[in-house]
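>>> what follows is a protein structure lacking sequence information:
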């Protein structure tokens, strides 16, 4: 029985495409080959079951966000502060609308 040789080739992609691939990484060690295969697999799943593909994409997004927060814990504090500020602004707007009536 012959061993299957894992051959590779070089492809040209624009910098924009390369950056888009980088943005899709769940882990910094993922290769472009892995990302392309992941995208192709999700497209194939999407044809058969769009809802399953949607769940897979949501899981990938959650993993990326979790990793980003672990790598940058200061973002958690900033996000909470921004949400607090947003809530204060919304409350002030509601209060001004009520007082105008």
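Sure, I can see it. Quantities reported herein were computed from a predicted structural model and do not represent experimental measurements.

>>> can you get me a residue count around residue 85?
By other C-beta atoms under 10 Å, the residues close to residue 85 number 10. All C-beta atoms are positioned from the backbone trio N, CA, C, and that covers glycine.

>>> I meant residue 99, not that one.
Other residues near residue 99 come to 7 when the count uses other C-beta under 10 Å.

>>> so it, which state does it fall into?
Assigned with DSSP: H, G, I helix; E, B strand; the rest coil, residue 99 falls in the helix class.

>>> what separation is there between it and residue 92?
Distance from residue 99 to residue 92, counting by C-beta to C-beta, to the nearest Å: 11 Å.

>>> can you pull the phi/psi pair for residue 26?
Main-chain dihedrals, residue 26, degrees, to the nearest 10: phi -80, psi -30.

>>> skip the chain neighbours and tell me the closest residue to it.
For residue 26, ignoring the flanking residues on the chain, the nearest one in space by C-beta to C-beta, 6 or more residues apart in numbering is residue 63 at 4.9 Å.

>>> whichever strand or helix holds that neighbour - what's its average pLDDT?
Assessed by DSSP states H and E, residue 63 sits inside helix 50-71. In this model, helix 50-71 has an average pLDDT of 84.

>>> and stretch 42-61, what's buried?
The neighbour-count check on stretch 42-61 (16 or more other C-beta atoms under 10 Å) flags 45, 53, 56 as buried.

>>> correct me, but the second one touches residue 45?
Yes. Applying C-beta atoms under 8 Å, one finds residue 53 in contact with residue 45, separated by 4.6 Å.

>>> what touches both of these two?
Both residue 53 and residue 45 lack any common contact, where contact means C-beta atoms under 8 Å, 6 or more residues apart in numbering.

>>> quick one on the thing from earlier: need the contact partners of the helix holding residue 63.
Residues external to helix 50-71 that are found in contact with it (C-beta under 8 Å, 6+ apart): 24-27, 42-43, 45-46, 75-76.
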